[in-house]
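S.K.: Here is my input; please provide its structure:
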Amino acid sequence: MTQSNIFILAIESSCDDTSAAVIKDGTVLSNCIANQDVHAQYGGVVPELASRMHDKNIVPVVNAALSKAGVKKEQLNAVAVTRGPGLLGSLIVGVNFAKSLSLGLQIPLVEVNHMEAHVMAHFAEQPYPEFPFLCLTVSGGHTQIVKVSDYNNMEVLGSTIDDAAGEAFDKTGKMLGLPYPAGPVIDKKAREGDALFSFPEPQVGELDFSFSGLKTSILYFVKKQLKADASFVESNLNNICASVQNTIVSILIKKIAIAAEKYNIQSIALAGGVSANSQLREAFTELGKTRRWKTYIPQFQYCTDNAGMIGISGYYHYLNEKYADQSIEPDPRLKI
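M.R.: Modelled structure (predicted):
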C-alpha cells in the first residue's frame with residue numbers, strides 16, 4: 001500500500017555548503033543552500049572554518065526550508081541527514097542537529113550516504129532512470145561508476161585510486177592562478193579556447209580512475225613552458241583550460257562507455273558537482289546519441305551538494321523503514 005503525505009526534512013553538511021530541504025512523497029518542495037565564501041581566499045576548503053559556518057547557518061537554513069515549503073515542523077514524519085562521507089567537523093554539525101530534532105519531535109531519524117544521494121538526485125524530477133542503470137558520479141572528492149539495480153541497491157564498479165576529477169580541476173586552477181573553486185572558471189575559459197595541448201591519460205584498472213598523474217603532467221608542462229616564455233600561461237590560458245578539460249572529459253566518457261558495454265546496460269546517468277561542467281554534459285549526451293543509450297543528467301541545482309538529493313534518498317529509506325538510532329556517528333569515509 002502506497003503511503004502519502006509523508007514529509008521529510010533533509011540536512012546536508014558534508015563539506016562547505018549548509019543545506020536543508022523538505023520532501024513530500026518523494027517530491028522536493030524546497031531546497032535551500034547557504035554557501036561559504038570564506039574559503040575562496042585560502043584556495044580550498046578549511047575544515048575548521050567550514051564546521052563553524054555550518055554551526056552558524058544550520059538553524060536559519062532549516063527555518064528557510066520549512067518556510068519555503070509551507071510546512072511546520074510538527075508535520076514532519078522523519079529527519080534525513082548525511083552521515084558521510086565528508087569532512088568530520090562538518091558532518092558532526094548536521095548529524096547532531098538531526099539527532100536532536102528527531103528526538104525532540106519523536107520522529108524517525110534516517111541516515112544517508114552522500115554518494116548514494118548523488119545517484120538518487122535523478123529521482124528528484126521526471127523522467128526517472130529505469131533500473132538497472134549506470135551512474136557516473138563525479139565530484140570534488142569522488143569519481144566512481146555505480147551500478148544501480150534499485151533505490152536501495154547500488155554497487156560500485158570502479159572508483160578513483162587517488163585524486164578525483166574535481167580535484168584535478170581545482171589543483172590545475174591553482175597552478176594557473178585561477179580563483180577557487182576553479183572548475184566553473186576553467187569551464188568558462190575552455191569555451192573560449194582550443195584543446196591545442198595533449199596530456200597523457202592514466203592507464204589503470206578497466207573501470208578505475210586516476211588523476212594524480214594528469215595533475216603532475218600539467219604541472220611539469222606549465223613549468224617547462226614558463227621557462228621558455230614567462231608570459232605563456234597568460235597568453236595561452238584559454239587553450240590550456242580547454243586542453244585540460246578535454247583530457248578529463250575524455251577519461252570520464254571512455255570509462256562509462258566501457259562499463260555500459262561490459263555490463264550490457266543501455267541507461268546511463270551523470271551525477272555530482274562536476275556534472276555541471278558544460279563539455280562533460282555535452283559529451284555524455286552525445287555518447288548516448290551515438291550508442292543509442294538513454295542518458296540522464298540532473299538539473300544544476302541537484303548537481304552540487306544539496307539537501308534535496310539527501311531527502312530523496314532518505315524518502316526511499318523511510319519507505320523501507322531503514323531508520324537510524326541516536327547512537328549513530330558521522331563517518332567521513334562512509335562507502336556505498
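
S.K.: next structured bit after the one helix or strand Glu234 maps to?
M.R.: With secondary structure defined by DSSP states H and E, Glu234 is part of helix 232-263. The C-terminal neighbour of helix 232-263 among helices and strands, as given by DSSP H and E, is strand 267-271.

S.K.: got the contact list for the nearest residue to Leu49 once chain neighbours are set aside?
M.R.: Leaving aside its sequence neighbours, Leu49 sits nearest to Val38 (CB to CB, 6 or more residues apart in numbering; 5.5 Å). In this view, the C-beta of every residue, glycine as well, is placed from N, C-alpha and C. When the contact criterion is CB atoms under 8 Å, 6 or more residues apart in numbering, the partners of Val38 are Val46, Leu49, Met53.

S.K.: show me where the chain has helices.
M.R.: Assignment of helices within the chain using DSSP state H yields the ranges 47-69, 88-105, 114-120, 165-175, 183-190, 212-228, 232-263, 278-291, 307-319.

S.K.: Which one of the contacts of Val38 is nearest to Thr82?
M.R.: Met53 (15.9 Å; CB to CB).

S.K.: Go ahead and confirm that closest one touches Thr18.
M.R.: Yes. In terms of CB atoms under 8 Å, Met53 counts as a neighbour of Thr18; the distance is 7.0 Å.

S.K.: Return every residue with contacts to both of the two.
M.R.: Residues touching both Met53 and Thr18 comprise Ala34, Gln36, with contact defined as CB under 8 Å, 6+ apart.

S.K.: Those two - which one has more neighbours?
M.R.: Neighbour comparison, Met53 and Thr18: the larger count goes to Thr18, with 30 against 23 (by other CB atoms under 10 Å).

S.K.: May I have the beta-bridge partners of the more buried one?
M.R.: When bridges are taken as DSSP bridges, the partners of Thr18 come out as Ala34.

S.K.: so what's it up against?
M.R.: When contacts are counted by CB under 8 Å, 6+ apart, Thr18 is found next to Glu12, Ile33, Ala34, Gln36, Met53, His54, Asn57, Ile58, Val61, Val93, Gly94.

S.K.: my guess is Ala164 contacts Gly141, does it?
M.R.: Yes. With contact defined as CB under 8 Å, Ala164 and Gly141 form a contacting pair (5.4 Å).

S.K.: Between the two, tell me which one has more neighbours.
M.R.: For Ala164 against Gly141, the residue with the higher neighbour count under other CB under 10 Å is Ala164, and the figures read 25 against 20.

S.K.: State the phi and psi torsions of that one.
M.R.: phi -90, psi 170 (degrees, to the nearest 10).

S.K.: Quick one: residues contacting it.
M.R.: With contacts defined as CB under 8 Å, 6+ apart, Ala164 is in contact with Val138, Ser139, Gly140, Gly141, His142, Thr143, Phe209, Phe211.

S.K.: Once you drop chain neighbours, what's closest to it?
M.R.: Distance criterion CB to CB, 6+ apart; nearest residue to Ala164, sequence neighbours excluded, is Thr143 at 4.4 Å.

S.K.: Against Val112, how distant is the one you found?
M.R.: Taking CB to CB, to the nearest Å as the measure, Thr143 falls 20 Å from Val112.

S.K.: now do Trp293
M.R.: Applying CB to CB to Trp293 and Val112 gives a distance of 28 Å.

S.K.: that older thread, got CSV for the contacts of Ala164, with pLDDT too?
M.R.: Below are the contacts of Ala164 laid out as CSV (pLDDT from 0 to 100):
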residue, pLDDT
Val138, 96
Ser139, 86
Gly140, 79
Gly141, 86
His142, 91
Thr143, 96
Phe209, 96
Phe211, 96
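
S.K.: Grab the nearest non-local neighbour of the residue nearest in space to the middle of the chain.
M.R.: In the chain, the residue lying closest to the centroid (CA atoms, centre = their mean) is Gly272, at 2.8 Å. Closest residue to Gly272 in three dimensions, ignoring its sequence neighbours and counting by CB to CB, 6+ apart: Ser139, at 3.7 Å.

S.K.: ditto for Asn35
M.R.: Once chain neighbours are set aside, the closest to Asn35 by CB to CB, 6+ apart is Asp17, at 5.7 Å.

S.K.: quick one: pLDDT of the most far-flung residue of the chain relative to its centre?
M.R.: Most distant residue from the mean C-alpha position of the chain: Ala228, 38.8 Å away (CA atoms, centre = their mean). The predicted structure scores Ala228 at 97 on the pLDDT scale.
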